[in-house]
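Participant: Quick one: sequence plus predicted model below, questions after.
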Amino acid sequence: MTSLGRAVRSERASSTQEAILAAAERLFAEHGMFAVSNRQVSEAAGQGNNAAVGYHFGTKTDLVRAIEQKHRLPVERLREQMVAELPNAPAMRDWVACLVCPLTEHLEALGNPTWYARFAAQAMTDPAYHNIVVKDALSSPSLVRVIDGINGCLPDLPLDVRYQRNLMARNLLMHTCADLERALATGTSTPRPSWRATATALIDAIVGLWLAPSQRASEGPADESDCGPRYLRLLR
């Protein structure tokens with residue numbers, strides 16, 4: 001095969017992969033992972049070969065991970081830039097902005113409609129794919145630094161409370177973005193119909209969630225055995 005032939009074949013394969021990723025992201029966002037087969041993804045991507053997903057990506061888990069990585073990279077770049085521009089003594093609001101804004105800015109840049117927030121929300125609630133969205137994200141150095149920064153603002157908050165509030169903040173962030181994404185895509189009326197306004201509201205709410213007083217602080221040590229070990233290492 002000539003160099004030109006190989007280049008054309010490579011470009012065609014890349015185009016096919018992008019079509020599969022886009023179709024899968026939309027279908028998973030709208031219907032969930034369990035309800036969508038690889039055959040349905042291939043058909044939605046315009047592929048006559050029903051085995052196209054398996055050929056290009058492997059298993060459904062591999063496909064879900066490829067979609068997540070496709071979005072994680074630009075979000076990570078935005079977060080790295082925000083972290084690099086932090087003031088010398090960041091406050092809680094600065095750290096929370098580094099948590100929220102990279103995602104909302106990425107979604108805004110994609111244009112309407114988008115499906116990633118709904119895709120991620122579906123994956124987070126599916127035991128088979130939860131770790132791809134949640135635990136794989138902890139491989140991000142900038143996200144680890146943001147988590148460290150948030151916890152540095154909370155020296156008196158018990159570890160188990162911090163762990164629980166992290167789960168709350170994560171769910172609040174992703175499901176609020178999924179709700180706005182759905183409203184924008186369907187033209188449904190919503191109180192804050194822009195990503196920037198929603199980012200501000202999320203920062204307000206998450207800062208309040210983290211800084212709220214805790215009754216647990218006066219109840220003494222708690223059993224930390226149920227807290228994820230990877231997250232516990234980050235908190236210490």
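Facilitator: On my side now, so go ahead.

Participant: What is the helix or strand containing residue 83 packed up against?
Facilitator: Using DSSP states H and E, residue 83 falls within helix 60-84. In this structure, helix 60-84 packs against helix 3-31, helix 38-44, helix 92-110, helix 116-124, helix 130-133, helix 141-152, with contacts taken as 3 or more CB pairs under 8 Å, 6 or more residues apart in numbering; DSSP states H and E. For the C-beta atoms, the positions are set from N, CA and C on the backbone; glycine is no exception.

Participant: Nearest to residue 175, out of those?
Facilitator: helix 116-124 (5.5 Å; CB to CB).

Participant: Please work out which residues outside that closest one touch it.
Facilitator: Applying CB atoms under 8 Å, 6 or more residues apart in numbering, the external contacts of helix 116-124 come out as 25, 28-30, 32-33, 64, 67-68, 71, 103, 106-107, 110, 129-130, 132-134, 170-171, 174-175, 177-178, 180-182.

Participant: ok, now with 6 Å
Facilitator: With contact meaning CB atoms under 6 Å, 6 or more residues apart in numbering, helix 116-124 is reached by 25, 28-29, 32, 71, 129-130, 133, 174-175, 177-178, 181.

Participant: Restricted to buried residues, select those in PyMOL.
Facilitator: Filtering the contacts of helix 116-124 down to the buried ones (16 or more other CB atoms under 10 Å) takes a single PyMOL command:
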select buried, resi 25+28+29+32+71+129+133+174+175+177+178+181
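
Participant: which two in the contacts of helix 116-124 are spaced the farthest apart?
Facilitator: 130 and 181 (19.6 Å).

Participant: about what we covered before: please identify the most buried of the helices and strands packed on helix 60-84.
Facilitator: Most buried of these by mean neighbour count (mean count of other CB atoms under 10 Å) is helix 116-124; its value is a mean of 24.

Participant: Let me know the angle separating that one from helix 60-84.
Facilitator: Between helix 116-124 and helix 60-84, the angle comes out at 120 degrees (axes from the mean of the first three to the mean of the last three CA atoms, to 10 degrees).

Participant: what's the angle between helix 116-124 and helix 92-110?
Facilitator: For helix 116-124 against helix 92-110, the angle by the same axes, to 10 degrees is 110 degrees.

Participant: Show residues contacting the helix holding residue 83.
Facilitator: 21, 24-25, 57, 98, 102-103, 105-106, 116, 129, 132-133, 140, 142, 145.
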